[in-house]
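Engineer: what follows is a predicted structure for the sequence shown.
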Amino acid sequence: MSDMKDAILKRVDGNVFLTDWGDGAKEANYYQVAGNTRVVGAEVARLLEHLEHLGTPPSNVHLLGHSLGSQISSYAAKERPGISRITGK
């Protein structure tokens with residue numbers, strides 16, 4: 001994740017926030033881990049709301065996620081309409 005952040009910042013003048021949800025993803029039960037993505041998505045949405053109050057409109061936000069991180073991005077975007085782009089892999 002750190003390497004990806006550095007690569008993005010070499011090409012884009014902006015900010016990158018990394019979400020470490022390792023504690024929520026280490027459960028042995030996949031269904032619990034998948035359910036945790038909703039909680040993490042809601043927290044990311046809260047951060048986006050805070051950033052919007054500070055002057056960053058959703059149209060300037062690009063969410064990226066890998067695997068269940070893509071689900072997290074979609075849940076966050078559902079809570080904060082107007083996100084310009086989501087990239088999932």
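Structural biologist: Sure, I can see it. Numbering: from 1, shown residues only.
Engineer: pull the helix or strand of the chain with the lowest mean pLDDT out as CSV, backbone CA atoms only.
Structural biologist: Ranked by mean pLDDT, DSSP states H and E, the weakest helix or strand in the chain is helix 22-25, scoring a mean of 84. C-alpha atoms of helix 22-25 as CSV (Å, rounded to 0.1, in the frame of the first residue of the first chain):
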residue,chain,number,x,y,z
GLY,A,22,-6.4,-5.4,9.4
ASP,A,23,-8.1,-6.1,12.8
GLY,A,24,-11.5,-6.3,11.1
ALA,A,25,-10.1,-8.5,8.3
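Engineer: need the contact partners of it.
Structural biologist: 33, 36-37, 39-40, 68 (CB atoms under 8 Å, 6 or more residues apart in numbering). All C-beta spots, glycine's among them, are computed from the backbone N, C-alpha and C.
Engineer: switch to 10 Å and redo it
Structural biologist: Applying CB atoms under 10 Å, 6 or more residues apart in numbering, the external contacts of helix 22-25 come out as 32-37, 39-40, 43, 67-69, 72.
Engineer: make a PyMOL selection of the buried ones in those.
Structural biologist: The following PyMOL line selects those of the contacts of helix 22-25 that are buried, judged by 16 or more other CB atoms under 10 Å:
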select buried, resi 36+37+40+43+68+69+72
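Engineer: closest to Glu79 out of the contacts of helix 22-25?
Structural biologist: Glu43 (10.0 Å; CB to CB).
Engineer: my read is that that closest one contacts Ile72, right?
Structural biologist: Yes. At 9.0 Å, Glu43 and Ile72 qualify as touching, with contact defined as CB atoms under 10 Å.
Engineer: what average pLDDT does the top helix by length along the chain get?
Structural biologist: Longest among the helix segments of the chain by residue count, using DSSP state H, is helix 30-53. In this model, helix 30-53 has a mean pLDDT of 95.
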